[in-house]
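> Got a sequence here, can you build the structure:
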Amino acid sequence: QEHLVESGGDTVQPGGSLRLSCTASERYAAAWFRQAPGKEREFVAAITWRGSPRYHAPSVRGRFTISTGNAGKTIYLQMNNLKPEDTAIYYCAASSGSATTSNYDRAGVYDYWGPGTQVTVSS
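Model prediction:
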């Protein structure tokens, strides 16, 4: 059983930046999802443990960047120019094999999930 550990959530002002981290014991295809109050969980970004290819949702493209480190066992989400609508709980997810280039944005293909880290963007 894999245990994902997220960190980096905080409260920032609009236009600010944060970097989220997610650490695993093994290498996986991984993703970040987020869930705002009263909304469904939505895809944010995905990456293979090799660091490529990587994908970003249209709502965050150009502002957020997913990357890997620690030989593929740490997944980062660099978030710049944060907006109030980015406020949500951010979840790290890892796939042991079901995630592909055609379904990486579906929560159901990820086998392991972290407990989430809160990101609040407010002035």
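> Let me see the contact set for the residue nearest in space to the middle of the chain.
By Cα atoms, centre = their mean, the mean C-alpha position of the chain lies nearest to Trp32, the distance being 2.0 Å. Residues near Trp32 by Cβ atoms under 8 Å, 6 or more residues apart in numbering: 20, 22, 44-46, 66, 75, 77, 90-93. Bear in mind the C-beta positions are built from the backbone N, C-alpha and C, glycine included.
> rerun at 10 Å
6, 20, 22, 43-47, 56-57, 60, 64, 66, 75-77, 79, 90-93, 114 (Cβ atoms under 10 Å, 6 or more residues apart in numbering).
> so how far is Gly15 from Pro37?
Distance check for Pro37 against Gly15: by Cβ to Cβ, to the nearest Å, it reads 22 Å.
> Could you check which of those two is surrounded by more residues?
Counted by other Cβ atoms under 10 Å, Pro37 and Gly15 do not tie: Gly15 has more neighbours, with 11 against 7.
> Hmm, that one is touching Asp86, no?
No: contact criterion Cβ atoms under 10 Å: Gly15 and Asp86 do not qualify, at 11.1 Å.
> Now for the two: what residues contact both?
Residues touching both Gly15 and Asp86 by Cβ under 10 Å, 6+ apart: Val121.
> Could you tell me the end-to-end distance of stretch 66-77?
5 Å (Cα to Cα, to the nearest Å).
> For it, buried residues please.
66, 68, 72-77 (16 or more other Cβ atoms under 10 Å).
> So which of those residues are in helices?
Among these, none falls in helices (DSSP state H).
> Minimum pLDDT in those, which residue is that?
In terms of pLDDT, the lowest of those is Gly72, showing 84.
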